[in-house]
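Asks: Whatever this is, show me its structure:
(chains A and B)
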Amino acid sequence: MVPRITFHFIWLVLATCVHAGSLSLQNPRFTITSSTAAQLRTDTLSLAEKPEPLKLGPSDTLKFTFQITENGEGKGVQPHQTFLRFHDSVSGEEGIQPVRVTPGGKAKFELNMARPPPSLPPTADRPLEVSLILGSFVHEPTIFDLFDLYVPPSHAPAPHPDEAKFHVLPLIHHTFRPEQKLPPKFVSVVFAALVLSPWLVLLGLWSKIGVRVPHLFSPRIIPFTALLGAFEALLCWYWIDLKLGEVLLYGGILAVPTIFAGKTALAATGEWRTGKN
Amino acid sequence: MRFPLSAFLSFLALANNVFAKSSTGDSVLVVIDSSLQKEDYSKFFGGLEERGYQLTFRGPKDTHPPVEQYGIPGFSHVILFTPETKFVVASRCERALSIVIPAYTFDITPQSLVGLLSEGTNLLVTLSTKQTPLSSLSAEFSLIPPPPGTPLVSHHPARSEPATVVPIPVPESPLLTPGTPPVWFSGVPHAFGNSPYLVPILRATSESFAADSFDDSGADTLVDASEKVGEGLWAGSQLGLVTGFQTLKNSRVVFAGGVEMFGDEYANKTLPDGAPSGNEKFVRDVTAWAFRETLALRIDNTTHHRVGEEGSPEKYTTNDQIIYTAHISAYDPETSSWKPYSGITDMQLEFTMLDPHIRIALPPVTGEPGKYQVQFRAPDRHGVFKFVVDWRRKGYSFLQTSTTVPVVPPRYDQYPRFLSAAWPYYAGAISTSIGFFLFSALWLAGDVEGKKKKGLKTE
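Replies: Okay, here's the model as predicted:
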């Protein structure tokens, strides 16, 4: 047990020795220039308060210079990690850009939007939060929130062909053909009446001349008339309900007696007409 | 009183041993490198055995038990604790004959591991800073490993541990227990390709990066690395440390950047703030996902029928009202059984002929667990259609089903018969029929006097 405690103690001592001091930022300064080298904005950064968001056009250049010193004193140091972090807090996209620091602690970072570095994350019309991450094997690590930066939106990277399947896809509704338009029922009734009107004429004329059917119930005539009526009823039934097969079956059955009844009936009328009877 | 309680508790423990296991089987092969001691991972392996897994250990060079025999996987899950095992050239004589003897036996190759995945076996793979066949395999799964020899380094937060032993906060994820404390990690990060089949489980912190320099004078090499075209610098929270990949066969593989995070040392190690680390809970959740205990779903069956009918018809007619039903279950590792699951709210059904003609939501039916149902009208296009459900979400088992049905136009007797627009035609047809019948009756039964007289005259 004792050696373990000693071991931990050594680590603690080492840690206090190793993290000799904290790192601080001196003279952080940014300049935005346009492609014609005109200076658009330049200012010293206050680390206590974020400045107005910085805006970069598609061909502008941002220059950011600072010096890293130990304990805020004049002696510059070169830490192991000097990274600028560009973070889109909405999409979670992040880009890390290491900054070259001289052994004297001076650093210069240049962001030319005409040739943006690959580390810049995909951007939208939101600002990127820019922070500076300092890390060292000797000093206390620290993070400085620097400023918000508007850059022109980037093109979205090409997604994987299967990416869409991992999201809710847009709904698809089938466009149906429009329902068949029917004329008003009144028009149909009028035309149906027109079709039936010759019956009025026929019935009117018959009533004038008078129709006599003396042989209607004659036993040689009535079966054929009845079978013809059955055929008409079958066709009407077909229209309302029956299927073609059934109609053919029933029609076939009806046809056999109809042939014989018809032969008898025609023979009978033939006899009457020729006056044989 | 004490006796029954203890008996009940031991029964519970026994029940736990018996029931709690994976949805795809509980035999696990652990391939462990000779440089690692099984005892250093006693919590991890003990936890697996407690959950009902049967562990079989073998070295990477052993031939028995085989991973696969006659194309049939020998185990349901394989753990590869071989982060540094490589292919090595054995001796000068063999080198002269260009015989390469792998440190693995012939049955563990990247190809055989992919074969295992396609047979439904799940894998847990550990990587290291060395370039091994497994790091090449990870590249096939859309992970981009950093150059060899560059472990994850983070100076944040200030702590007594070396910069390569990093406490990583555990993110919120459906496959991790909420509120898991940060975990200790030591190993190699990886960047992600654009494959949507990746399931990032643990990401690096924003302040961490992959580096091969271990004092402040290495700062320039980091900048140089970032300026290299094509490679760049592995840095920031877009890197993964533990990442899953789910195949189209629903088998799962997890790539962990280091084997140390599974060990007892990190499980017992306190965080910089003095709290216990979350390693034990985290690796438990990771294996539960990898071995298909959690987020494992399946489609029990699907049915379809016309509104007002019971059975599935052989074919549908255009414009039919169709009801489609799917029953979905989720695996419950507590009881080791499949239970109806109604938690999916964004499932969609497609009615497809080459392209989807209809895509609609397939919502769960309230009051009936596990049942998802939708009614829709068949399109007025005939052809061979498919009911397609293809639900893919990161981390969950993919739900895929397809049922083919023909959709035909109406038969000759299925059209409407009593259209009002056709009344004049019906009237015409009926009056013709009646006219024919009347004419026949009159002609047969009537008495034509004039003709008779004429006939008599000619006689």
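Asks: So A:Val195, which state does it fall into?
Replies: Recorded secondary structure, A:Val195: helix (DSSP: H, G, I helix; E, B strand; the rest coil).
Asks: What residues does it make contact with?
Replies: With contacts defined as CB atoms under 8 Å, 6 or more residues apart in numbering or on different chains, A:Val195 is in contact with B:Pro424, B:Ala427, B:Gly428, B:Ser431. To be clear about C-beta, it is placed using only N, CA and C from the backbone, and glycine gets the same treatment.
Asks: so which of those residues also contact chain A?
Replies: Filtering the contacts of A:Val195 for proximity to chain A by CB under 8 Å from any CB of the partner chain leaves B:Pro424, B:Ala427, B:Gly428, B:Ser431.
Asks: Surely B:Pro133 and B:Pro110 touch.
Replies: Yes - with contact defined as CB atoms under 8 Å, B:Pro133 counts as touching B:Pro110 (5.7 Å).
Asks: Among the two, which residue is more densely surrounded?
Replies: The neighbour comparison of B:Pro133 against B:Pro110 (other CB atoms under 10 Å in any protein chain shown) goes to B:Pro133, with 18 against 14.
Asks: Now B:Val242. Nearest residue, chain neighbours left out?
Replies: Closest residue in space to B:Val242, ignoring its immediate chain neighbours: B:Leu202 at 4.0 Å, by CB to CB, 6 or more residues apart in numbering or on different chains.
Asks: roughly how far apart are the one you found and chain A?
Replies: Remark: distance between B:Leu202 and chain A (CB to the nearest CB, to the nearest Å) = 15 Å.
Asks: Would you confirm that that residue contacts B:Pro169?
Replies: No - applying CB under 8 Å as the test, B:Leu202 and B:Pro169 come out as separate, 9.1 Å apart.
Asks: Looking at the two, which one has more neighbours?
Replies: Applying other CB under 10 Å to B:Leu202 and B:Pro169 shows that B:Leu202 carries more neighbours, namely 22 against 12.
Asks: Any idea how many residues pack against the closest residue to chain A within the stretch 51-200 of chain B?
Replies: Going by CB to the nearest CB, chain A is nearest to B:His155 of the stretch 51-200 of chain B, at 2.9 Å. Counted with other CB under 10 Å, residues neighbouring B:His155 total 25.
Asks: Check the secondary structure at it for me.
Replies: Going by three-state DSSP: B:His155 is coil.
Asks: Name the spans of chain A whose pLDDT lies under the cut-off.
Replies: A:1-20, A:72, A:276-277 (pLDDT under 70).
Asks: care to break it down by domain?
Replies: If you go by automatic domain parsing, the domain ranges for chain A are A:2-154, A:185-273.
Asks: Go through the contacts of A:Val195 and flag which are in helices.
Replies: Cross-referencing the contacts of A:Val195 against helices under DSSP state H gives B:Pro424, B:Ala427, B:Gly428, B:Ser431.
Asks: what's the helix or strand for the closest residue to the first one other than its chain neighbours?
Replies: Okay, so that is B:Pro424. Once flanking residues are discounted, B:Pro424 sits nearest to A:Phe191: 4.0 Å by CB to CB, 6+ apart. Per DSSP states H and E, A:Phe191 falls inside helix A:185-209.
Asks: and what of B:Glu310?
Replies: Taking DSSP H and E as the definition, one finds B:Glu310 inside no helix or strand.
Asks: and if you look at the one 4 residues further on?
Replies: In this structure, B:Glu314 is located outside every helix and strand according to DSSP H and E.
Asks: now what about the one helix or strand B:Pro356 maps to, what contacts it?
Replies: Using DSSP H and E, B:Pro356 sits in strand B:355-361. Contact with strand B:355-361 is made by A:169-174, B:346-351, B:374, B:376, B:379, B:381, B:385, B:388, as judged by CB under 8 Å, 6+ apart.
Asks: Mind checking which of these land in helices?
Replies: Using DSSP H, none of the contacts of strand B:355-361 sit in helices.
Asks: Out of these, which sit inside strands?
Replies: With strands defined by DSSP state E, the entries of the contacts of strand B:355-361 inside them are B:Gln348, B:Leu349, B:Glu350, B:Phe351, B:Val374, B:Phe376, B:Phe385, B:Val388.
Asks: Now do the third one, the pLDDT please.
Replies: You'll see B:Glu350 listed with a pLDDT of 97.
Asks: do the fifth one as well
Replies: Note for B:Val374: predicted pLDDT of 97.
Asks: Pull the contacting residues for the closest residue to it other than its chain neighbours.
Replies: Counting by CB to CB, 6+ apart, B:Val374 lies nearest to B:Leu362, which is 5.1 Å off, once chain neighbours are set aside. By CB under 8 Å, 6+ apart, the contact set of B:Leu362 is B:Tyr324, B:Ala326, B:Met347, B:Gln348, B:Leu349, B:Tyr372, B:Gln373, B:Val374, B:Val389.
Asks: Point to the residue nearest the middle of the chain.
Replies: You didn't pick a chain, so chain A it is. By CA atoms, centre = their mean, the mean C-alpha position of chain A lies nearest to A:Pro170, the distance being 2.3 Å.
Asks: meant chain B actually
Replies: Note: chain B centre (CA atoms, centre = their mean) maps to B:Ser397, 3.0 Å.
Asks: so A:Leu111 touches A:Thr61, yeah?
Replies: Yes - contact between A:Leu111 and A:Thr61 holds when scored by CB under 8 Å: they sit 6.8 Å apart.
Asks: more crowded one of those two?
Replies: Higher neighbour count among A:Leu111 and A:Thr61: A:Leu111, with 23 against 19, using other CB under 10 Å.
Asks: which non-adjacent residue is nearest that one?
Replies: Nearest residue to A:Leu111, sequence neighbours excluded (CB to CB, 6+ apart): A:Leu62, at 4.3 Å.
Asks: beta partners of that neighbour?
Replies: A:Leu62 has these beta-bridge partners by DSSP bridges: A:Ile32, A:Leu111.
Asks: A:Lys108 is in contact with that one, correct?
Replies: No - under the criterion of CB under 8 Å, A:Leu62 makes no contact with A:Lys108, lying 11.3 Å away.
Asks: Would you mind telling me which of those two has more residues around it?
Replies: Using other CB under 10 Å as the criterion, A:Leu62 and A:Lys108 rank with A:Leu62 on top: 22 against 12.
Asks: how about the more buried one, what does it touch?
Replies: Neighbouring residues of A:Leu62 by CB under 8 Å, 6+ apart: A:Phe30, A:Thr31, A:Ile32, A:Leu54, A:Leu56, A:Glu110, A:Leu111, A:Met113, A:Leu149.
Asks: Nearest to B:Phe45, out of the residues you listed: which one, please.
Replies: Of all these, B:Phe45 sits closest to A:Leu149, with 49.4 Å by CB to CB.
Asks: quick one: buried residues of the longest helix belonging to chain A?
Replies: Ranked by residue count, the top helix of chain A under DSSP H comes out as helix A:244-273. Neighbour counts over helix A:244-273 (16 or more other CB atoms under 10 Å in any protein chain shown) mark A:Tyr250, A:Leu254, A:Thr258, A:Ala261, A:Gly262, A:Ala265, A:Ala268, A:Thr269, A:Trp272 as buried.
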